[in-house]
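Colleague: Give the three-dimensional model of this entry:
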Amino acid sequence: MLARILVTIGGLVVVALFAALIAPLFIDWTNFRKDFEREASRIMGKPVVVHGSVDARILPFPTVTLNDVRVGSTESDQPIVQVAQFSMSAELAPFLSGEALIFDMRLDRPKARIRLLPDGTLDWARGSQASIPASTVVLEKVEVVDGEIEFVDEQTGRTRRVTDLSADLSARTLAGPWKVEGRAALDGEAGSFAFSSNAVDEEGALSLRARLTPDKRPFGVELDGDLKVVDFRPVYGGRFTLTENRPADEAKQSGALRINGEFQLTNESIRVPEYRFEAGPPDDPYVVTGEATLDTGKDQKFLLIADGQQIDVSRIGNSGRSGKTGRDPAISLRQRIEAMLAIAADIPIPQVPGRASLKLPAIVIGDTTVRDVRLDVRPDGAGWIVENAVALLPGRTQMEASGRLNLKEQRA
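Modeller: Just a heads-up that it's a prediction; the model follows:
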């Protein structure tokens, strides 16, 4: 969600405001306010009004400061974007060759309000299309300070808020490539983010790489794919990698969890048509593959299907995080099972209704092999409700069980 919102603001609203400042630099400064509003409205496809004061000078370099800039506002509606103060300084020499080099830009206290309408479309995507004259504009340094974004989902009745937004941006042209790094809090949960993009292609797709790292979560995520708007609905699809939030050398020594695969992100769902989960040492990991779906609409729910390899319990050491695979006879069966549970405890538990199914061809415990293992579970706080556990024991005896699996005590 944070990636979607920031790309929307950074790639459309803020970019268009930047571009709107270029044309007026060649126009009569006495009419700057009207010129800016006209050009910005054309570029944005939304009405843009400067409600506060405007300060502009041409020497020693072109500098503009605008106060209380509002985008998409009418007398009855709240603005889509409101910037308390917007300032820019550009190099004068590049204008002689037809290029605009903006070496310093700052947006103080920008506030954006984005609505997802009941039919699943975004309000900012409707109306006139933006027209950005981007090829000759270079952004060397852009700073966003104390920003806020409010995302109103009228499909579900939920509202999400991004606060304490600070970011540094740069771009070779307004069309891209773009680079953005910063920090923000989503519904009070702080973290860092980074985005980089190519230019929008002829089909309207934006190649986008994103990295989101929550401060207090065990995992961050890296995304690499194409972002585009289809029928006024954003669609972002490509490949993802979940990364553990700890130093790389520590993760390598301990056999960190590694999860990657394909994804498709829309307003209504997160679809993972395939993924690969690895645990243990990189040269000999335990592998699980499968697919997953998370519906993010009014009735949230998820589905996870996992197919794992045969598990040899004797190869697991004192700690599933340690990556040890020796068959040390001093390590008891109980210790090995606890190590397995420690690995399972590192897997995030969804906090929405749903179910997960795990299939294993076999579990080897010493001289005993348990075959055709199937586990159907659903999340329950810090653990799982086991709705059905089925396995084929030696002697072709079938075992079935159900109950609650609590992994809270297994977490570090």
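Colleague: Work out the gap between stretch 167-184 and the centre of the chain.
Modeller: Offset of stretch 167-184 from its chain centre (CA atoms, centre = their mean, to the nearest Å): 16 Å.
Colleague: next one: stretch 155-173
Modeller: With CA atoms, centre = their mean, you get 11 Å for stretch 155-173.
Colleague: and that stretch, which residues are buried?
Modeller: Buried residues in stretch 155-173, counted by 16 or more other CB atoms under 10 Å: 162, 165, 167, 169, 170, 171, 173. Placement of C-beta: from N, CA and C, glycine included.
Colleague: among these, which are in strands?
Modeller: 162, 165, 167, 169, 170, 171 (DSSP state E).
Colleague: Residue 370: which of these is nearest?
Modeller: residue 162 (47.8 Å; CB to CB).
Colleague: What about residue 286, how many residues nearby?
Modeller: 21 (other CB atoms under 10 Å).
Colleague: residues contacting it?
Modeller: The contact partners of residue 286, by CB atoms under 8 Å, 6 or more residues apart in numbering, come to 278, 279, 280, 308, 309, 311, 343.
Colleague: Residue 257 is in contact with the second one, correct?
Modeller: Yes: Residue 279 is within contact range of residue 257, at 5.3 Å (criterion: CB atoms under 8 Å).
Colleague: ok, residue 391 - contacts?
Modeller: By CB under 8 Å, 6+ apart, the contact set of residue 391 is 363, 370, 371, 372, 373, 374, 398, 399.
Colleague: any idea which element the closest residue to residue 393 other than its chain neighbours lies in?
Modeller: Spatial nearest neighbour of residue 393, chain neighbours left out: residue 399 (5.5 Å); criterion: CB to CB, 6 or more residues apart in numbering. In the assignment (DSSP states H and E), residue 399 maps to strand 397-406.
Colleague: And residue 35, by the same measure?
Modeller: helix 32-44.
Colleague: quick check, distance from whichever helix or strand comes after that helix to the centre of its chain.
Modeller: Next helix or strand after helix 32-44 toward the C-terminus (DSSP H and E): strand 48-50. How far strand 48-50 lies from its chain's middle: 31 Å, per CA atoms, centre = their mean.
Colleague: ok, now stretch 399-406?
Modeller: Mean-position distance between stretch 399-406 and its chain equals 35 Å (CA atoms, centre = their mean).
Colleague: Likewise for stretch 63-73?
Modeller: Using CA atoms, centre = their mean, the distance from the centre of stretch 63-73 to the centre of the chain it belongs to is 29 Å.
Colleague: what's in contact with that stretch?
Modeller: The contact list for stretch 63-73 (CB under 8 Å, 6+ apart) reads 13, 17, 21, 24, 32, 36, 40, 44, 46-57, 79-90, 124.
Colleague: Low-confidence stretches in the stretch 301-412 of the chain?
Modeller: In the predicted model of the stretch 301-412 of the chain, residues 313-346, 407-412 satisfy pLDDT under 70.
Colleague: let's see 50
Modeller: Residues of the stretch 301-412 of the chain meeting the criterion pLDDT under 50: 318-327, 329-330, 411-412.
Colleague: Can you show me the strands along it?
Modeller: For the stretch 301-412 of the chain, the strands defined by DSSP state E, counting those that start in this stretch cover 301-308, 311-312, 354-365, 368-380, 383-393, 397-406.
Colleague: Span of stretch 205-225 from start to end?
Modeller: Chord length of stretch 205-225, first to last residue, is 10 Å (CA to CA, to the nearest Å).
Colleague: same deal with stretch 147-158?
Modeller: Termini of stretch 147-158 sit 20 Å apart (CA to CA).
Colleague: Could you do stretch 228-237 as well?
Modeller: Using CA to CA, the distance between the terminal residues of stretch 228-237 is 9 Å.
Colleague: For the remainder of this discussion, apply numbering that starts at 8.
Modeller: Happy to do that; since the first residue is 8 now, the last one works out to stretch 235-244.
Colleague: Relative to the whole chain's centre, how far out is that stretch?
Modeller: In terms of CA atoms, centre = their mean, the centre of stretch 235-244 is found 15 Å from the chain centre.
Colleague: before we move on, back to that, spatially, which two of the contacts of residue 398 are the most separated?
Modeller: 370 and 405 (14.6 Å).
Colleague: Compare these two and say which one has the larger neighbour count.
Modeller: Counted by other CB under 10 Å, residue 370 and residue 405 do not tie: residue 370 has more neighbours, with 17 against 9.
Colleague: now for whichever helix or strand residue 247 is part of, which elements pack on it?
Modeller: Assessed by DSSP H and E, residue 247 sits inside strand 240-251. If you count contacts as 3 or more CB pairs under 8 Å, 6 or more residues apart in numbering; DSSP states H and E, strand 240-251 packs onto helix 9-15, strand 226-237, strand 265-272.
Colleague: May I have the strands that pair with the longest one, each with its orientation?
Modeller: In this case it means strand 226-237. When pairs are called by DSSP bridges, strand 226-237 turns out to pair with strand 213-221 (antiparallel), strand 240-251 (antiparallel).
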